[in-house]
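Participant: model this:
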Amino acid sequence: MELSQEHLDLIEKIIKSDKKFQNNEDLFDDFFNETCKRSLSIVETMDDSDVLESYLRKIASTAIVVVLKDMGRIRRTHQNYVNNDKETHLSADTDKDNNIKPFNVNYDFIAIRTTPEDIVIEKELLQLVYDSVIIAHSQNAAKQYLQLYELRYVEGKKQTEIAREMNLSQSQVSKRLFELMDEVKKAISRQGT
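Facilitator: Numbers count the residues shown, from 1 in each chain. A predicted model of the protein is given here:
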């Protein structure tokens, strides 16, 4: 699939409006190509133009950071990315003997969030998990796998709370959850082959 001219124009507009584009105009082609490459899988799944534009903004922002990192204009720290041009701001003060006092280093950070591609992959994986729970439940309804799944993984209840609510022992809940997760693992393995 190729992106339509309308999508290409929108991507160009989004890139040029991104604040990281300023002072990096020479990398426009790289930003554009990376954004287009990352957008292909998203564009075909979106019907709502406002939602699509929102996702494209996130994709473009991520693509710009990737290109800037690859070009050595920013680097990764243990928490975020820092601009190499503004890497350090030194304040060197001297004491009464003209010795330099210890100085502080300040970094300008760029926040990186989950990419839209990661969200799509996570959504597909969650759907596969849920579908495998439905299948396991339909094959053995007496074990109440669907209710177990919802109480444990949707509502976040502890096994003891689930046991009380379902009138089971905690060991029965544990055993059934283990069986259920084994079925989910098998379904994911089948999907991967």
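Participant: for the rest of this, base every contact and every neighbour count on C-alpha atoms.
Facilitator: Fine.
Participant: where does pLDDT dip in the protein?
Facilitator: 1, 75-114, 192-193 (pLDDT under 70).
Participant: strands along that one, start to end?
Facilitator: Using DSSP state E, the strands of the chain run over 74-76, 81-83, 109-110.
Participant: show me what counts as buried in stretch 152-167.
Facilitator: 152, 159, 162-163 (16 or more other C-alpha atoms under 10 Å).
Participant: how about these in CSV, adding distance to V184?
Facilitator: As requested, the buried residues of stretch 152-167 are exported to CSV (distance: C-alpha to C-alpha, whole Å):
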residue, distance to V184
R152, 15
Q159, 19
I162, 20
A163, 21
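Participant: in helices, which of the residues you listed fall?
Facilitator: Those of the buried residues of stretch 152-167 mapping onto helices are 159, 162-163, per DSSP state H.
Participant: of those, just say which sits nearest to N24.
Facilitator: When these are ranked by distance to N24 (C-alpha to C-alpha), Q159 comes first, at 53.4 Å.
Participant: residue boundaries of the helices in this protein?
Facilitator: Counting by DSSP H, the helices of the chain are 5-17, 28-43, 49-70, 116-139, 145-149, 159-166, 170-192.
Participant: what's the shortest one in contact with?
Facilitator: Counting by C-alpha atoms under 8 Å, 6 or more residues apart in numbering, the neighbours of helix 145-149 from elsewhere in the structure are 133-134, 136-137, 162, 173, 176-177, 180.
Participant: got a quick ChimeraX command for the buried subset of these?
Facilitator: In ChimeraX syntax, the buried subset of the contacts of helix 145-149 is picked out as below (16+ other C-alpha under 10 Å):
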select :133,136,137,162,173,176,177,180
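Participant: identify, from the contacts of helix 145-149, the entry nearest to P116.
Facilitator: Nearest member of these to P116, counting by C-alpha to C-alpha, is V133, at 25.7 Å.
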